[in-house]
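A.B. asks: the following comprises the amino acid sequence and a computationally predicted model.
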Amino acid sequence: MGLEQAIVDFFTNIGLFHLTIGNVVMILVGFTLMYLAIRYEMEPLLLLPIGISAVLVNLPLTGILSADPHHPGLFYLIKHYLIDTEIVPLLIFFGLGAMTDFGPMIADPKTALLGAAAQIGVFIALLTAVALGFNLQEAASIGIIGGADGPTTIYLTTKLAPHLLGATAVAAYSYMSLVPIIQPPVIKALTTPEERKIRMEQLRPVSKREKVIFPIASMIIIGLLVPSAAPLVGMLMIGNLFRESGVVERLSKAAREELMNIVTIFLGLGVGSTMQAESFLTLSTIKILLLGVIAFASATAGGVLLGKLMMKLSGGRINPMIGAAGVSAVPMSARVVQKLATKEDPGNFILMHAMGPNVAGVIGTAVAAGVLLSVLG
């Protein structure tokens, strides 16, 4: 190779000359996600790695997403072997199980119905997506955003509509961070100030035996009824059994701390790697972002409306706002409910009552994903 050709090759391989308007737009999107994470601490554990990886994959000629079998790119390896194989979403559920206390739901089992009611948002968004031209597999992947559960969204989308993974994952985690903004207007529109002031009786103590039996029984029952949900629910309950058994504290700690931290890093980088301009900047992405709002709002409304029915049936002993916590954004939606209750009555504490439907929502979303998989997978 002569000097002249070497100089030509050098300038040809300068990424700046290959930068497209789409790349610039996506780099700005990445900066926006990082800004929201750093400035406002909105889901920073995920929006920060997603944002920075979105910037990196939109720098031309880096080869970081190369699928060349002899020189594969790092982000290609992360997405192909950890995200597409569903390993990371399932390990996230394992860690979530080790972090979750199902005690409030065990103490008041009827609150599980509120977690189920909130799943109506999944199916409203699904039907709306079909009306907007998405096929059933794509619509199901979009609808599950309403469950407010990022790992479940990734798990289902990977199986049914992997080409939508970037948009659905970003929508799910972005809207999860916006729960304090999306939920209060819906809750206030469906409840009166007097209803928001309702105080609830203190929950009964839950024994260790009940907490140990719960994950085992739940895994077996749900696995028998909805086998497609068994991987998600099974990992969730295994992690929870580690926590509640009290005999493998070292493993439980590793699951909720070291393992959770590591898989969260890979999850963020893997999702961000799907945000290349040519695949992300489409009309479908805009539709998905709009449908995400519909999914979250209708899920909140579904939970609150069942909460109002339970309030009537109980003679006014249930605060209907706890139904809003049926979306599985744990514990953010429960905190939103507590904040609204305190605003109406500073002495009203319903956080633990809201945690019941909140943790039930995690199971409910996994079951909804299993049902969709069994029908459409």
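C.D. replies: Looks like it arrived, so ask away. Numbers count the residues shown, from 1 in each chain.
A.B. asks: make it CA atoms for all contacts and neighbour counts henceforth
C.D. replies: OK.
A.B. asks: okay, now His80: neighbour count?
C.D. replies: Per other Cα atoms under 10 Å, the neighbour tally for His80 reads 14.
A.B. asks: cool, Ser314 as well?
C.D. replies: Ser314 is flanked by 10 other residues according to other Cα under 10 Å.
A.B. asks: would you mind measuring from it to Gly307?
C.D. replies: Noted for Ser314: a distance of 10 Å to Gly307, by Cα to Cα, to the nearest Å.
A.B. asks: could you pull out the strands for the stretch 1-150 of the chain?
C.D. replies: In the stretch 1-150 of the chain, no strands are found when defined by DSSP state E, counting those that start in this stretch.
A.B. asks: now do the helices in it.
C.D. replies: 3-12, 21-40, 44-57, 74-78, 87-99, 103-107, 112-117, 120-131, 136-143, 150-160 (DSSP state H, counting those that start in this stretch).
A.B. asks: so for the fifth one, mean pLDDT?
C.D. replies: Averaged over helix 87-99, pLDDT sits at 91.
A.B. asks: so it versus helix 150-160, what angle?
C.D. replies: 150 degrees (axes from the mean of the first three to the mean of the last three Cα atoms, to 10 degrees).
A.B. asks: which elements pack onto helix 87-99?
C.D. replies: Judged by 3 or more Cα pairs under 8 Å, 6 or more residues apart in numbering; DSSP states H and E, the packing partners of helix 87-99 are helix 150-160, helix 230-245, helix 260-272.
A.B. asks: which of those helices sits closest to Ala54?
C.D. replies: With Cα to Cα, the closest approach to Ala54 among the helices and strands packed on helix 87-99 belongs to helix 260-272: 4.8 Å.
A.B. asks: please state the offset of the closest one from the chain centre?
C.D. replies: Relative to its chain's centre, helix 260-272 lies at 13 Å (Cα atoms, centre = their mean, to the nearest Å).
A.B. asks: what's the following helix or strand after it?
C.D. replies: Using DSSP states H and E, the helix or strand that follows helix 260-272 in sequence is helix 277-280.
A.B. asks: output the contacting helices and strands for whichever helix or strand comes after that next one.
C.D. replies: With elements assigned by DSSP H and E, the helix or strand that comes after helix 277-280 is helix 283-313. Helix 283-313 sits against helix 112-117, helix 120-131, helix 136-143, helix 165-177, helix 179-190, with contacts defined as 3+ Cα pairs under 8 Å, 6+ apart.
A.B. asks: shaky segments in this structure?
C.D. replies: Low-confidence segments of the chain (pLDDT under 70): 1.
A.B. asks: so which of the helices of the stretch 1-150 of the chain gets nearest Ser252?
C.D. replies: When these are compared by Cα to Cα, helix 87-99 sits nearest Ser252, at 5.8 Å.
A.B. asks: pull that closest one out as PDB, backbone CA atoms only.
C.D. replies: C-alpha atoms of helix 87-99 as PDB (Å, rounded to 0.1, in the frame of the first residue of the first chain):
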ATOM      1  CA  ILE A  87     -30.700 -14.900  30.600                       C
ATOM      2  CA  VAL A  88     -30.600 -11.300  31.900                       C
ATOM      3  CA  PRO A  89     -34.300 -10.700  32.200                       C
ATOM      4  CA  LEU A  90     -34.700 -14.000  34.100                       C
ATOM      5  CA  LEU A  91     -31.800 -13.200  36.400                       C
ATOM      6  CA  ILE A  92     -33.300  -9.800  37.100                       C
ATOM      7  CA  PHE A  93     -36.500 -11.600  38.300                       C
ATOM      8  CA  PHE A  94     -34.300 -13.800  40.500                       C
ATOM      9  CA  GLY A  95     -32.800 -10.700  42.100                       C
ATOM     10  CA  LEU A  96     -36.200  -9.100  42.400                       C
ATOM     11  CA  GLY A  97     -37.500 -12.100  44.300                       C
ATOM     12  CA  ALA A  98     -34.600 -11.900  46.800                       C
ATOM     13  CA  MET A  99     -35.400  -8.200  47.300                       C
END
